[in-house]
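S.K.: Got a predicted structure plus its sequence, pasted below:
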Amino acid sequence: MKSKITAILLCFFLGGLGIHRFYLGYTLIGFIQLLTFGGFLIWAIIDLIKLIIDILKDSEGNELA
């Protein structure tokens, strides 16, 4: 089970590199974010909001702890 706090911190500090997506198991999306600097940080900000309001799940569909 993945930690919500860890995912939020990774997204906040390394969101432009997509590290939070790699942590959640989304390797393809993580790689795309890595190449585009998190969609020019827009995608990273959207992911951060999704993590905070508990919409984003891990790649297996599990809730974050």
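M.R.: Good, I have the coordinates. Keep in mind the model is a prediction, meaning the values are calculated, not measured.
S.K.: Can you name the helix or strand that Phe31 falls in?
M.R.: Using DSSP states H and E, Phe31 sits in helix 27-40.
S.K.: just the angle between the next helix or strand after that helix and helix 27-40, please?
M.R.: Using DSSP H and E, the helix or strand that follows helix 27-40 towards the C-terminus is helix 42-52. Inter-element angle recorded for helix 42-52 and helix 27-40: 110 degrees (by axes from the mean of the first three to the mean of the last three Cα atoms, to 10 degrees).
S.K.: contacting residues around helix 42-52?
M.R.: 4, 7-8, 11-12, 15-16, 18, 20-21, 33, 36, 38, 56, 64 (Cβ atoms under 8 Å, 6 or more residues apart in numbering). Bear in mind the C-beta positions are built from the backbone N, C-alpha and C, glycine included.
S.K.: Next step: these restricted to helices.
M.R.: Members of those lying in helices (criterion: DSSP state H): Lys4, Ala7, Ile8, Cys11, Phe12, His20, Arg21, Gln33, Thr36, Gly38.
S.K.: List buried members of these by neighbour count.
M.R.: Among these, the ones that count as buried by 16 or more other Cβ atoms under 10 Å are Ala7, Ile8, Cys11, His20, Arg21, Gln33, Gly38.
S.K.: Against Arg21, how distant is the first one?
M.R.: By that I understand Ala7. Distance, Ala7 to Arg21, using Cβ to Cβ, to the nearest Å: 9 Å.
S.K.: in the helix or strand of the chain with the lowest mean pLDDT, what counts as buried?
M.R.: Taking mean pLDDT, DSSP states H and E as the measure, the helix or strand of the chain with the lowest value is helix 27-40, at a mean of 94. Residues of helix 27-40 classed as buried by neighbour count (16+ other Cβ under 10 Å): Ile29, Gly30, Gln33, Leu34, Gly38, Gly39.
S.K.: sorry, back to before: check the contacts of helix 42-52 for the minimum pLDDT and say which it is.
M.R.: When the contacts of helix 42-52 are sorted by pLDDT, the bottom entry is Gly38 at 85.
S.K.: got a list of what that one touches?
M.R.: Counted by Cβ under 8 Å, 6+ apart, Gly38 has contacts Gly15, Gly16, Leu17, Gly18, Ala44, Asp47.
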